[in-house]
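Visitor: what follows is a predicted structure for the sequence shown.
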Amino acid sequence: MLKRRSFLALGTVSALAFGAPAMAQSSANAVRASSPGGVLTVEMATDNDGRPTYSVSRLGRPVVEASWLGFLLTDAPMLERNMTLSAARPVTVDETWEQPWGERRYVRNHYNEWRVSFVEKTALGRRFDVVWRLYDDGLGFRYEFPEQDGLKTVRIGAELTEFNLAEDGEAWWIPAWEWNREEYLYNRTRIDAVGSAQTPMTVRGDSGLHVSIHEAALIDYAGMNLRRAERLKFRAQLTPGLTNAAVERQAPFHTPWRTLQISDTAAGLVESSLILNLNEPNKLGDVSWFKPMKYVGVWWEMHLELKSWASGPKHGATTENAIKHVDFAARHGFGGVLVEGWNKGWDGDWFGNGADYSFTETYPDFDIERVTAHARSKGVQLIGHHETGGNAYHYEQQMEAGFALYQRLGMHSVKTGYVADAGGARVAAPGGGSVMAWHESQPLAQHHMRVIEAAAKHQIAVNAHEPFKDTGLRRTYPNMITREGARGMEFSAWGQPGNPPEHEANLVFTRLLAGPMDYTPGIFGMETRSPGGIQTTWAKQLALYVVIYSPLQMAADLLVHYEANPGPFQFIKDVPVDWAETRVLNGEIGDFVTIARKDRNSDVWALGAVTDEHPRSLAAPLTFLDAGRRYRAEIYRDGPDADYRGKREDIVIEQREVTAADTLTLNLAPGGGQAIRFVPLGRKPR
């Protein structure tokens, strides 16, 4: 196997090796293969009725016990029994590719690919393959339907994929099929108390083994939820389509990858690149027109009801207010300004409707030409905003014109929104007109792909809110930069209740395993419309810039709060947003986490640590720093009286000199955190 690495250009393969890892056939109807290091082993078989099954073990211990595979079709007999099995020899791939932006610059993609074929023993003779990619830290498998006379159009009513967990334990999950899409607080229950859950769902077995179930590379297919069928057994539950078929595709095609990230520790889940690696390489080529950046915006003041999206005396998106934000951004080194409510359509019934929106016409009190010209003169970009009210049908008729306008004005990113009840999105009907659909149905998957491709043509990056779930497509379409897809900071402005102290420590090990999140941290004004206000300390707000990854990071608070507090605001100004490396130093789901990241454009490191409602003292070894080099640690920590229930503003800002040989003790207050910036002193040792 080649082990030499050479980083030549974006997406360059550094090492590609094809081998023949051992594959043992245990019986006439069972085969198995393992990951490159032999950590994970998958066995595929057919039972006495010819049903395809799979099981997974890790270092000889069962992780997933025998689980069925197959499909119920809406216009043909089910595909789930009377199958014969055959398997190819695995192929080993070991490559390293470069992200144009990300939480790490270079990503190793080392796996064994294994193809197992199933053919019906009936006159129909239909067939499909199950393709595996086995990594030492997880796996993905997908169904592939070849071209065949007996199954030209595949209409899937239900996918019978199962995940029959071998070990009881705890689960962290949010419910599926509820009105508020993904925006729920995480439940922490025993595994056998889960109902229907969205993915990623993370479980920790009683032995301490961590498993996250999700999917990758979801294109032109329905989103997958998990329904607990019995005790520890979960079955895929596809989001409904426009007919009795959740998915309709023409063969040949393949499904998304069904994924399992598996680790001894919670930190190992976060450091895994499985979801990204299961996606195809960059299809857009050079995307240097998008630069990761921090931004401010005309936004938080609306959530506090100081301003409004709608026109009138409280309208937030005025020329004057936008220019004030542009000047602030330029003065403090921010790259962008988001302005929501600039376009016609916010008056009246827009929630779940969206039919009145124009994506090119401004309100009379907003001069978009003047504002963007002023921004360009200051080296700042406006960030566009396209709220659709969930009306994808209406949006598709105007989005090309909206993107063209943004491109002409020098705007390279847009925040989209789909605010509507789940199941209340609107898409084109097959016979003309429009019809309601689920947010993660196949028609919405098709819609979001049309949006990302149209945006790319105009050099626009997309930050989607109320989005389709993240499945790592940012590798293939790097203008799919970030998204919401969980309860963000806005819930702490008006939520009943707001986000509790453990929320961010839950997100790191659940939602954020799927990809970046536009969480909008950086709030210093702690009293809001939500009972209890912001349930964090100031130091935790700063730490979130490192802990919650996004290439587009908002300083979300009112400008007046930043101007009044230059000390803690300095960290927000200084912290990078694009990273060369990421290390998870410690963490437990919903309790605490410490993450260190290295700036892609310098030798600066940043560290963020957050806790739940409990105070903690965490050890942070600085072994990630360059050995033999001195650093100035710029520390922003909870003060002695800090507490999310009281003195949230109590923060200590100090400096000390450190090296890689040091271990810091991070004392976190209840609901608190700590943020540190490590600045090299002197030259890097050879």
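Guide: Done, it's in.
Visitor: please make it C-alpha for all contacts and neighbour counts, starting now.
Guide: Will do.
Visitor: the residue positioned nearest the centre of the chain: which element?
Guide: Nearest to the geometric centre of the chain sits residue 515, at 2.4 Å (CA atoms, centre = their mean). Taking DSSP states H and E as the definition, residue 515 sits outside all helices and strands.
Visitor: quick one: the helices in this structure?
Guide: 266-271, 274-277, 300-303, 319-332, 368-377, 392-396, 399-408, 442-457, 491-494, 503-507, 538-547, 559-563, 566-574 (DSSP state H).
Visitor: what residues are up against the residue lying closest to residue 284 once chain neighbours are set aside?
Guide: Ranked by CA to CA, 6 or more residues apart in numbering and with sequence neighbours excluded, the top spatial neighbour of residue 284 is residue 477, at 6.2 Å. Neighbour list for residue 477: 282, 283, 284, 452 [criterion: CA atoms under 8 Å, 6 or more residues apart in numbering].
Visitor: go on, residue 116?
Guide: 44, 85, 86, 87, 88, 129, 130, 131.
Visitor: quick one, what contacts the nearest residue to residue 330 once chain neighbours are set aside?
Guide: In this structure, residue 330 finds its nearest non-sequential neighbour in residue 378, 5.9 Å apart by CA to CA, 6+ apart. Residues in contact with residue 378, defined by CA under 8 Å, 6+ apart, are 326, 327, 330.
Visitor: scan these and report the most crowded one.
Guide: Most neighbours among the contacts of residue 378, by other CA atoms under 10 Å: residue 326, with 29 neighbours.
Visitor: buried stuff in stretch 615-635?
Guide: 615-616, 618, 620, 622, 624-626, 629-635 (16 or more other CA atoms under 10 Å).
Visitor: closest to residue 208 among those residues?
Guide: residue 618 (19.8 Å; CA to CA).
Visitor: excluding chain neighbours, what is closest to the closest one?
Guide: Per CA to CA, 6+ apart, closest to residue 618 is residue 666, 5.0 Å.
Visitor: okay, now that neighbour: neighbour count?
Guide: 19.
Visitor: against residue 571, how distant is it?
Guide: Distance of residue 666 to residue 571, given as CA to CA, to the nearest Å: 17 Å.
Visitor: residue 673 now?
Guide: 13 Å.
Visitor: next: residue 246.
Guide: Taken as CA to CA, the span from residue 246 to residue 571 is 47 Å.
Visitor: ok, now residue 505?
Guide: From residue 505 to residue 571 the distance is 21 Å (CA to CA).
Visitor: cool, and residue 328?
Guide: For residue 328, the distance to residue 571 - CA to CA - is 16 Å.
Visitor: those two - which one has more neighbours?
Guide: residue 571 (23 against 16).
Visitor: OK, contacts around that one?
Guide: With CA under 8 Å, 6+ apart, residue 571 has these contacts: 542, 636, 677.
Visitor: same question for residue 225.
Guide: 176, 196, 197, 198, 199, 236, 237, 238, 239 are the contacts of residue 225 under CA under 8 Å, 6+ apart.
Visitor: so the last one sits right up against residue 441, yeah?
Guide: What it means is residue 239. Yes - Residue 239 is within contact range of residue 441, at 5.2 Å (criterion: CA atoms under 8 Å).
Visitor: show me the common contact partners of these two, please.
Guide: With CA under 8 Å, 6+ apart, residue 239 and residue 441 have common neighbours 222, 223, 246.
Visitor: quick check: the second one vs residue 300, distance?
Guide: As judged by CA to CA, residue 223 and residue 300 stand 31 Å apart.
Visitor: and for the last one?
Guide: Using CA to CA, one gets 38 Å for the distance from residue 246 to residue 300.
Visitor: more neighbours, the two?
Guide: Ranked by neighbour count (other CA under 10 Å), residue 246 and residue 300 place residue 246 first, with 24 against 21.
Visitor: thought the more buried one was touching residue 239?
Guide: Yes - using CA under 8 Å, residue 246 makes contact with residue 239 at a distance of 6.3 Å.
Visitor: quick check: neighbours shared by those two?
Guide: Shared contacts of residue 246 and residue 239, counting by CA under 8 Å, 6+ apart, come down to 222, 441, 442.
Visitor: could I get those as CSV with neighbour count?
Guide: CSV is the format used below for the shared contacts of residue 246 and residue 239 (neighbours: other CA atoms under 10 Å):
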residue, neighbour count
222, 28
441, 25
442, 25
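Visitor: from those, which is closest to residue 435?
Guide: residue 441 (12.5 Å).
Visitor: how about that closest one, nearest residue that isn't a chain neighbour?
Guide: residue 222 (4.7 Å).
Visitor: per-residue confidence for the one you found?
Guide: Per-residue pLDDT puts residue 222 at 98.
Visitor: contacting residues around it?
Guide: Counting by CA under 8 Å, 6+ apart, the residues that residue 222 touches are 238, 239, 240, 241, 246, 247, 440, 441, 442, 445.
Visitor: chain neighbours aside, what residue packs nearest to the fourth one?
Guide: Right, residue 241. Closest to residue 241 by CA to CA, 6+ apart is residue 441, at 5.5 Å.
Visitor: for the record, mean pLDDT for the longest strand belonging to the chain?
Guide: Using DSSP state E, we find that the single longest strand of the chain is strand 106-120. In this model, strand 106-120 has an average pLDDT of 98.
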